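**Q** need the 3D shape of this:
(chains A and B)
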There are 2 protein chains.
Amino acid sequence: MRAVIQKSLGGPEVLEVAELEKPRLLSGEVLVRVYASGVNPVDVAVRAGYFPLLGEPPFGVGWDISGVVEEVGPGARYEVGDEVYGMPFFPRAATGYAEYVATPSRQVARKPKSLSHIEAAGLPLAGLTAWQGLVDRAHVGPGDRVLVHRAAGGVGHLAVQIAKARGAYVIALASAAKHDFVRGLGADEVIDYRTTDYTEVLSDLDVVFDSNADGERSLRVLKPGGVLVSIMEHMNPEREAQVKAAGRRFAGVSVEPDYAALEAIAELVDSGKLRPHIAEALPLESVGKAHEIVGSGETVGKVVLTVHN
Amino acid sequence: MRAVIQKSLGGPEVLEVAELEKPRLLSGEVLVRVYASGVNPVDVAVRAGYFPLLGEPPFGVGWDISGVVEEVGPGARYEVGDEVYGMPFFPRAATGYAEYVATPSRQVARKPKSLSHIEAAGLPLAGLTAWQGLVDRAHVGPGDRVLVHRAAGGVGHLAVQIAKARGAYVIALASAAKHDFVRGLGADEVIDYRTTDYTEVLSDLDVVFDSNADGERSLRVLKPGGVLVSIMEHMNPEREAQVKAAGRRFAGVSVEPDYAALEAIAELVDSGKLRPHIAEALPLESVGKAHEIVGSGETVGKVVLTVHN
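**A** Numbers count the residues shown, from 1 in each chain, chains lettered A, B, ... in the order given. Okay, the predicted model is just below:
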């Protein structure tokens, strides 16, 4: 099968499409014929060596997949032909940019029926990050005032919709060109962070969803007891100490495989409350270009690789 | 910390209590101070080399734990002091018979409030096996006629209660001395397998929960379209083919970590519908004796090791 690997750390040029053996199943695993693989900023960081989750190369690349169960291993759930999506093995082995992925059956869930594989492949890692932060950790509920950083980004545009679906009042940060998009997601207020210092106009918020490593300033707009959901600074003990000393809660989020949350996310999607926005879908062979786009940090929504058709 | 390891395959005498380093946390993990560790037949099979999940020794032993979160790694859920239970890493690394266990935070769930740690430590692997078989795979519902093999055993006594809680009519197999116990679990009928051939008195069942490798005979009592939930024969392709050829469904179960099912199980427990029966609780140092008892196959309910007090 075709699969993307890298033999060294570096720029997009280290990514190569190799011919590998189809993976063999262990007990409890299913083999997924992958139709689309999502590209995430963490893939770019790992590739370049900024986030050494996987040790030294060679290793595979990517986690997000959407596809069809082709084989059911001994004792696994699902049937041949079931459509599933997920981010198996994160943050361990990266096997996602590939024609076939073997996954523990409870690291994937049924794909939302109303989405194509391309759309569904954009959901797992970003959607779980938003869900585990807003729902599991911050317990966002009706009437909560929630600020979302980078609200047009891969994680942010899902965070806005999930917070809205939970009944929150959502304030979104985005540059002016993306305001229409962010309003369309349901944001109640949109602030252009380039022209307005949000710390001067906001205060007393219940939750800040910080996917921008902007914890110090985010802290200033939280009410006492408010929650800083921190994605990029989740391993920063100084930030955590600072937040706690200020009488706010620190909720660092390291996303985990979670079929139950994927099922809840699929329900939100199929009830019309959540939709991933796909900025671009490129064939597997254009993986280098896909990494360039995601690496730019300017993407609206998600970039996805198409694998099978 | 004290932890049980084995340096060779063999009888209970290969188990030794060693002094190991306290595990260090990765992102998304919590450190659990273990109060009790459940002993399962699979631990005995792995120890003896009958079920080579873990490769060659040396390796740790056990998966089931109940304890208290002592440290929260970067980005993990839960707070210091939360009581949790689960079977982290099954069927990979076995780290459960130990004073401290590091686990991905979503491989454990909140402990049922109404149980002691000793009781809760008897639930994860056996309870998830019953749940994933009866609920996820067989979709047992009101009025279904369900046969449970070894109904007084570690898995069976939980399967009886879970099937009852789902509204099923439960027929239980057990030797006469255990009939009162099994009726107390809610079984509607109890058959002494030593004096009665169940294939002569039963037919047309919706589900057989076979934790006794008795698939060939179980198949005879299923109605067309009925489900054989098979625990011990889940890797037997001949059994699977035979069941399918007969127009019945084969649901092999290889248990997987599953915090969502553990949460559902905890709800059943706290609403009074499910209770693990602890046959014996022994100190960690008596691990060899605990393995002897579980290895006998005659236990009513579960055997548990006490670790911290």
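
**Q** A strand includes residue A:262, no?
**A** No: going by DSSP: H, G, I helix; E, B strand; the rest coil, the assignment for residue A:262 is helix, not a strand.

**Q** how much space between it and residue B:106?
**A** Relative to residue B:106, residue A:262 is positioned 12 Å away (C-beta to C-beta, to the nearest Å). The C-beta positions use only the backbone N, C-alpha and C, and glycine is treated the same way.

**Q** please apply the same query to residue A:38.
**A** Taking C-beta to C-beta, one finds residue A:38 at 20 Å from residue B:106.

**Q** okay, these two: which has more neighbours?
**A** residue A:38 (33 against 28; other C-beta atoms under 10 Å in any protein chain shown).

**Q** what about the more buried one, which SS state?
**A** strand.

**Q** can you pull the contacts of the residue nearest to it when sequence neighbours are not counted?
**A** Excluding the flanking residues, the one nearest residue A:38 by C-beta to C-beta, 6 or more residues apart in numbering or on different chains is residue A:64, at 3.0 Å. Residue A:64 is in contact with A:37-40, A:85-87, A:96, A:121-125, counting by C-beta atoms under 8 Å, 6 or more residues apart in numbering or on different chains.

**Q** in JSON lines: those, plus pLDDT.
**A** What follows is these, written out as JSON lines (pLDDT from 0 to 100):
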{"residue": "A:37", "pLDDT": "98"}
{"residue": "A:38", "pLDDT": "98"}
{"residue": "A:39", "pLDDT": "98"}
{"residue": "A:40", "pLDDT": "97"}
{"residue": "A:85", "pLDDT": "98"}
{"residue": "A:86", "pLDDT": "98"}
{"residue": "A:87", "pLDDT": "98"}
{"residue": "A:96", "pLDDT": "98"}
{"residue": "A:121", "pLDDT": "98"}
{"residue": "A:122", "pLDDT": "98"}
{"residue": "A:123", "pLDDT": "98"}
{"residue": "A:124", "pLDDT": "98"}
{"residue": "A:125", "pLDDT": "98"}
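
**Q** now distance to residue B:225 too, for the residues you listed, in CSV please.
**A** Formatted as CSV, the contacts of residue A:64 follow (distance: C-beta to C-beta, whole Å):
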residue, distance to residue B:225
A:37, 37
A:38, 38
A:39, 43
A:40, 42
A:85, 29
A:86, 30
A:87, 35
A:96, 37
A:121, 35
A:122, 38
A:123, 34
A:124, 34
A:125, 39
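
**Q** near chain B, which residues of the stretch 201-309 of chain A are found?
**A** Along the stretch 201-309 of chain A, the residues adjacent to chain B under the rule C-beta under 8 Å from any C-beta of the partner chain are A:234-235, A:252-260.

**Q** among those, who's most crowded?
**A** Busiest of those [other C-beta under 10 Å] is residue A:253, holding 31 neighbours.

**Q** quick one: classify the nearest residue to that one once chain neighbours are set aside as helix, strand or coil.
**A** Distances taken as C-beta to C-beta, 6+ apart put residue A:133 closest to residue A:253, at 4.4 Å, once the chain neighbours are dropped. Residue A:133 falls in the helix class when you classify it by three-state DSSP.

**Q** residues contacting residue A:133?
**A** A:159, A:209, A:229, A:231, A:251, A:253.

**Q** distance of the residue nearest to residue A:62 when sequence neighbours are not counted relative to residue A:112?
**A** Excluding its sequence neighbours, the residue lying closest to residue A:62 (C-beta to C-beta, 6+ apart) is residue A:96, at 3.3 Å. Note on residue A:96: its distance to residue A:112, by C-beta to C-beta, is 18 Å.

**Q** between those two, who's got more neighbours?
**A** residue A:96 (32 against 25).

**Q** so the more buried one sits in a strand?
**A** No: counting by three-state DSSP, residue A:96 is not found in a strand; it is coil.

**Q** per-residue pLDDT, the residue positioned nearest the centre of chain A?
**A** Among the residues of chain A, the one closest to the centroid is residue A:126, at 1.3 Å (C-alpha atoms, centre = their mean). Looking at residue A:126, its pLDDT reads 98.

**Q** please enumerate the helices of the stretch 201-309 of chain A.
**A** Remark: helices assigned in the stretch 201-309 of chain A by DSSP state H, counting those that start in this stretch are A:215-220, A:237-245, A:259-270, A:287-295.

**Q** mind checking pLDDT for residue A:27?
**A** pLDDT, read off for residue A:27, is 88.

**Q** quick one: it and residue B:255 touch, right?
**A** No: counting by C-beta atoms under 8 Å, residue A:27 stays clear of residue B:255, with 9.3 Å between them.

**Q** so residue A:118, which of the three states?
**A** helix.

**Q** next: residue A:125.
**A** Per three-state DSSP, residue A:125 ends up helix.

**Q** tell me the contacts of it?
**A** A:38, A:40, A:42, A:63-64, A:87, A:90, A:255 are the contacts of residue A:125 under C-beta under 8 Å, 6+ apart.
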